[in-house]
Every structure is written in C-alpha cells, then in structure tokens.
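>>> one predicted model, sequence on top.
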Amino acid sequence: MNKLNLSLKQKNTIIGYIFCLPFILGFLFFFIRPFLQAVNFSFNELQVTADGFELHFRGISNYMHILLVHPDFIPSFLETIRDMVVDLPLILSFSFFSALVLNQKFKGQTFSRAIFFLPVIMSAGIILRMEQGDYITEAMQQIEQVDYTFSGAALRNLLLQTRLPEGFLEFVLNAVERIPQIIRASGIQIIVFLAGLQSIPRSIYEAAEVEGATSWENFWLITLPMLSPLILTNIVYTIIDSFISPRNELIDLIRNTAFEGAGFGISMAMAIMYFLTILIMLGVVFKILSGWVFYHE
C-alpha cells in the first residue's frame, strides 16, 4: 500500500473492505438469490407438484391477507417490536455497567469475565434445545410454585406504596420479570464494551487528571464519547439479535404458516414484511445516532 501513496484514511478504508469481504461474498453468492426468490414467492401461491412446484400469481393479496385477515400476525408482530423496545435499554445498561465493573482490577477477574460470557454458550446448541424442551420447563414450573418474598405480587405491592407513576412501575416490574432474559442476551455486548474500555489510552485519563477533572467528568467527557461507536454497534446487534432469536414467537409463526398453515406464499409475505421492518428500524437508528457518534482518529 505504501507504493500507491495512499493516505491513512484510504488505507483504513481498504482494510475495512477486506474485513467485510467474506460477508460481501457470502451475501452475493449465498443470500441474494434465495432472498429474491422469497420476494417472488411472497407475490404468488405455491403449490407442490410431482415435478417440484408451481407458482400462481396473486399480487399483493398475500400481504393484504397477513395485514387484514390473519388473526395472529399483527399481534405477534407488535408484541415482538414491543419486547425489543423494552429490552434494548435494559440490555445496554446492564452490559455497559457489567463491562465497567469487569474492567476494574480485582482477584478472579478472568474467571468473572468467563462467567458473564456463559449466557452466550447457554444459548447455543443442545443446551438451548433442553431449555426449550420439557427438562428445564418442568424444573422451572416446580421453582415457580415456591412462594418467594420478592415475587411478582409482593414486589408490585411494595412499589405501589412508593407512589411512583404507574407507567414507570410497569416498566420496572416488566424488567424484573425479564432479568434472566436480559442477562442471557448481554454476553456479546459486555465483551464489546469491555474491549472498548481497554482500548481507551490511559494517557487521556492522565492528562484529564492533571487538568483537575473528576471521575464523573472523565466518564461523560472521555469514556462515553470514546465508546459511542461501540454503543451504536451494540444497539444494532441487540436489535438484530432480538428479532432473530430462537425464542421469538413470530419466527415460529412464520415457519408454522409455511408448513402447517396458510401456505408458503403467506409465510414469505410475513418474512419479507418482517425483514423490511428490521431494515427500516436499523436505518432510523443510524440516522438518529450517526451524528452523535464520535470517531477517534
């Protein structure tokens, strides 16, 4: 690259494209054709024949069906978006706080970091299937029968005595009930934040301390701006992870509609609508947060 007389920014751009090249090639060779085929299926009715399948053009009737006729798509669709909106700030807050704690020097630091990454392992393969099956379900049902002091009803009564706004109380109660899901979904984000914290040069904090900056000022004026690109990264990752989670009931609905319900065309219309929603939400997030992100050069 030195022989080409490229600037540092141009070199970094080329390196960035090289890192993205596996995804670009995978998208072109393995994703684009099935995606275009799915779009085609969403405008047709698919009938399986002895030689394969036949398509009967239906226009936008499949989309009208899922929006106006199908009894479960819209409720599941709105519930999925609601859960993502509720979980996003909780996951980011928990992962950011956990990364700040794990970045401190203390005995057992490596072991503690491994513990926080366990939820990622727990979400993979046979463990996830066991969790979704009868083994863990039966155990959890037995646990739920035990009366805890800080169960849902007891906690609700305790918070009601504080005279806080009802909407805020519902958010807190919902967050408490979803603590296991929040912890399980925060493993990757913790690692990303932790890597970002360790990449901030110590000399910046030392210079700020010489100027008399407090720890609170260091956080708001150094740590948060330096981590802003990773905050955006974790927001995007959390949104996508929430929408494609194996526990997402809408994904199960789309799959069941294809093989057990209204047909493959209806199912593909659901999938395309879902994909476009994710794409629009990510575009809005980038548009809103791109001006706030600080890139240190």
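Looks like it came in fine.
>>> just say helix, strand or coil for L55.
Of the three states, L55 takes strand according to DSSP: H, G, I helix; E, B strand; the rest coil.
>>> residues contacting it?
N40, F41, N44, E45, L46, Q47 (CB atoms under 8 Å, 6 or more residues apart in numbering). C-beta coordinates here come from the backbone N, C-alpha and C atoms, glycine included.
>>> buried residues in the host helix or strand of I266, which are they?
Secondary structure from DSSP states H and E places I266 in helix 264-289. For helix 264-289, burial by neighbour count (16 or more other CB atoms under 10 Å) applies to 264-274, 278, 281.
>>> how about stretch 91-107?
With burial defined by 16+ other CB under 10 Å, the residues of stretch 91-107 counted as buried are I91, L92, F94, S95, F96, S98, A99, L102, N103.
>>> reformat those residues as CSV; add secondary structure and distance to Q10.
Compiled in CSV, the buried residues of stretch 91-107 are given as follows (DSSP: H, G, I helix; E, B strand; the rest coil; distance: CB to CB, whole Å):
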residue, secondary structure, distance to Q10
I91, helix, 36
L92, helix, 33
F94, helix, 39
S95, helix, 34
F96, helix, 33
S98, helix, 37
A99, helix, 32
L102, helix, 36
N103, coil, 33
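>>> just the closest of the residues you listed to L289, please.
Distance to L289 across the buried residues of stretch 91-107 (CB to CB) is lowest for L92, with 12.0 Å.
>>> average model confidence for whichever strand or helix holds M64?
Element membership for M64, per DSSP H and E: helix 61-68. pLDDT averaged over helix 61-68 equals 88, rounded to a whole number.
>>> with stretch 194-201 instead?
88.
>>> pull out the buried positions in that stretch.
Of the residues in stretch 194-201, those buried (16+ other CB under 10 Å) are L194, G196, L197, I200.
>>> contacts for that stretch, please.
Outside stretch 194-201, the residues within contact range by CB under 8 Å, 6+ apart are A99, L100, L102, N103, R113, I222, T223, M226, L227, P229, L230.
>>> spatially nearest residue to the fourth one, not counting backbone neighbours?
So that's N103. L197 (4.5 Å; CB to CB, 6 or more residues apart in numbering).
>>> any idea which helix or strand carries the one you found?
Under DSSP H and E, the secondary-structure element containing L197 is helix 187-199.
>>> which SSE is immediately downstream of that helix?
According to DSSP H and E, the helix or strand after helix 187-199 is helix 202-210.
>>> give the other helices and strands that that following helix contacts.
Contacts of helix 202-210 with other secondary structure elements, assessed using 3 or more CB pairs under 8 Å, 6 or more residues apart in numbering; DSSP states H and E, are made with helix 215-218.
>>> quick one: mean pLDDT for the helix it packs on?
Per-residue pLDDT values over helix 215-218 give a mean of 87.
>>> quick one: contacts of that helix?
The contact list for helix 215-218 (CB under 8 Å, 6+ apart) reads Y205, A208, E209.
>>> now do the helix or strand just after that helix against helix 187-199, angle only.
Beyond helix 215-218 in the direction of the C-terminus, DSSP H and E gives the next helix or strand as helix 224-243. Angle of helix 224-243 versus helix 187-199, following axes from the mean of the first three to the mean of the last three CA atoms, to 10 degrees, is 170 degrees.
>>> any idea how far D83 is from the closest residue to A213 other than its chain neighbours?
Leaving aside its chain neighbours, A213 sits nearest to L221 (7.1 Å; criterion: CB to CB, 6+ apart). Note on L221: its distance to D83, by CB to CB, to the nearest Å, is 34 Å.
>>> the two: which has the busier surroundings?
Remark: of L221 and D83, D83 carries more neighbours, 20 against 13, as counted by other CB atoms under 10 Å.
>>> now for that one: which residues touch it?
Counted by CB under 8 Å, 6+ apart, D83 has contacts S242.
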